[in-house]
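Peer 1: What would the 3D arrangement of this be:
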Amino acid sequence: MPSVKVDGQPRVKSPAKSKKRTAADYIDAPASVQRAALDAMEPREVFREYQRTNSQALRNYLMEKFLPLVRYNAERIHTRLPDEVDIDDLMSAGLFGLMDAINAFDIDYGVKFETYCAPRIRGAILDQLRAMDWVPRLVRQRTAKVEQARVAFEMETGNAPTDADIARRLGVDEEEFKKLQRDSSAVSITSLSRRWTNSDSGRETREIDVIREDPRSNPLTEAQRRDLKELITKGLSRAERLIVILYYYEEMTMKEIGQTLDLSESRVSQMHSSILMRLKAQMQSRSRDFDDE
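Peer 2: Numbers count the residues shown, from 1 in each chain. Down below sits the predicted model:
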């Protein structure tokens, strides 16, 4: 080790201090070496170097490091969703939120990255769920509005509210409340691959496995039959339609139908016979259309 003289006395020269290595020194290193070195560094230093260089290698490292945050938030949201929603879809959306958080994070604010990125991950997942939802957002809001009023009334009075009670609580008239009810009772859809129930045998049972199958029914044929029937009956007058409805669906007698339509019983019977003859003739002329394929 070299020595120098100070005041005539030999002194040993101190070795030069080694330069502290930064994240940039490991960008081109092998993956295993790079990962071990970056794990040993402070996250703030890695973020500062990424903001300076915008290195794809550092971004990938940060994505892998904070990937458990994406899974954690995706699993929490998934517990409140139907089974047909795939958690992998939620995680894919959460990854975009994590990527945006990494690009927008500023270490100078003194906030931990985990605190900063969690809302962005959840926001990205919720945006994806809204995009997947076929029911408009306004309908969901109206449904929640009616349900909140119903729950609040039950908690205050201990009784189930009537439609009038909910309408008064919401401050709307009867017509507006009927519109809210129609919106809040929107038909939902389900997946045939959705799990139906848990089985002791370990075999997963899906909705499609328990649907009753009728091999004799053909949806296309049924639709064609319905359309043809509507086409045939379209030529009936209002009085003739009423006679068919009252006689075959309401099970009223000819006399009762006559009193309802202000016609004699014999006139109703005559019109009924005429209707049957006309319908029979039209059905015979279209008999081939009604045959099963």
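Peer 1: Provide a list of residue ranges in the stretch 51-200 of the chain with pLDDT below threshold.
Peer 2: 134-137, 183-200 (pLDDT under 70).
Peer 1: can you do 80?
Peer 2: 82-85, 108, 110, 132-144, 174, 179-200 (pLDDT under 80).
Peer 1: the helices in it, which residues?
Peer 2: 56-65, 67-78, 87-104, 113-132, 137-157, 163-170, 174-184 (DSSP state H, counting those that start in this stretch).
Peer 1: Put together JSON lines for the ones you listed, with mean neighbour count and distance to S269 on each row.
Peer 2: C-betas here are computed from N, CA, C, even on glycine. Shown next, in JSON lines, are the helices of the stretch 51-200 of the chain (neighbours: other Cβ atoms under 10 Å; distance: least, Cβ to Cβ, whole Å):
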{"stretch": "helix 56-65", "mean neighbour count": "16", "distance to S269": "82"}
{"stretch": "helix 67-78", "mean neighbour count": "16", "distance to S269": "66"}
{"stretch": "helix 87-104", "mean neighbour count": "18", "distance to S269": "64"}
{"stretch": "helix 113-132", "mean neighbour count": "16", "distance to S269": "59"}
{"stretch": "helix 137-157", "mean neighbour count": "14", "distance to S269": "50"}
{"stretch": "helix 163-170", "mean neighbour count": "16", "distance to S269": "43"}
{"stretch": "helix 174-184", "mean neighbour count": "14", "distance to S269": "41"}
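Peer 1: Quick check: which of the ones you listed is nearest to S273?
Peer 2: Taking Cβ to Cβ, helix 174-184 is the member of those nearest to S273, at 41.9 Å.
Peer 1: Restrict that closest one to CA atoms and write it as PDB.
Peer 2: Taking C-alpha atoms only, helix 174-184 is exported to PDB below (Å, rounded to 0.1, in the frame of the first residue of the first chain):
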ATOM      1  CA  GLU A 174     -97.100   7.300  -9.400                       C
ATOM      2  CA  GLU A 175     -96.100   7.500 -13.000                       C
ATOM      3  CA  GLU A 176     -92.500   8.300 -12.200                       C
ATOM      4  CA  PHE A 177     -92.400   5.500  -9.600                       C
ATOM      5  CA  LYS A 178     -93.700   3.000 -12.100                       C
ATOM      6  CA  LYS A 179     -90.900   4.000 -14.400                       C
ATOM      7  CA  LEU A 180     -88.300   3.500 -11.600                       C
ATOM      8  CA  GLN A 181     -89.800   0.100 -11.000                       C
ATOM      9  CA  ARG A 182     -89.500  -0.900 -14.700                       C
ATOM     10  CA  ASP A 183     -85.900   0.200 -14.700                       C
ATOM     11  CA  SER A 184     -85.000  -1.500 -11.400                       C
END
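Peer 1: who does it touch, helix- and strand-wise?
Peer 2: On a contact count with 3 or more Cβ pairs under 8 Å, 6 or more residues apart in numbering; DSSP states H and E, helix 174-184 meets helix 137-157, helix 163-170.
Peer 1: Compute the inter-axis angle for it and helix 137-157.
Peer 2: Interaxial angle, helix 174-184 versus helix 137-157 (axes from the mean of the first three to the mean of the last three Cα atoms, to 10 degrees): 110 degrees.
Peer 1: wait, what's in contact with K65?
Peer 2: Contacts of K65 were listed using Cβ atoms under 8 Å, 6 or more residues apart in numbering, and they are P43.
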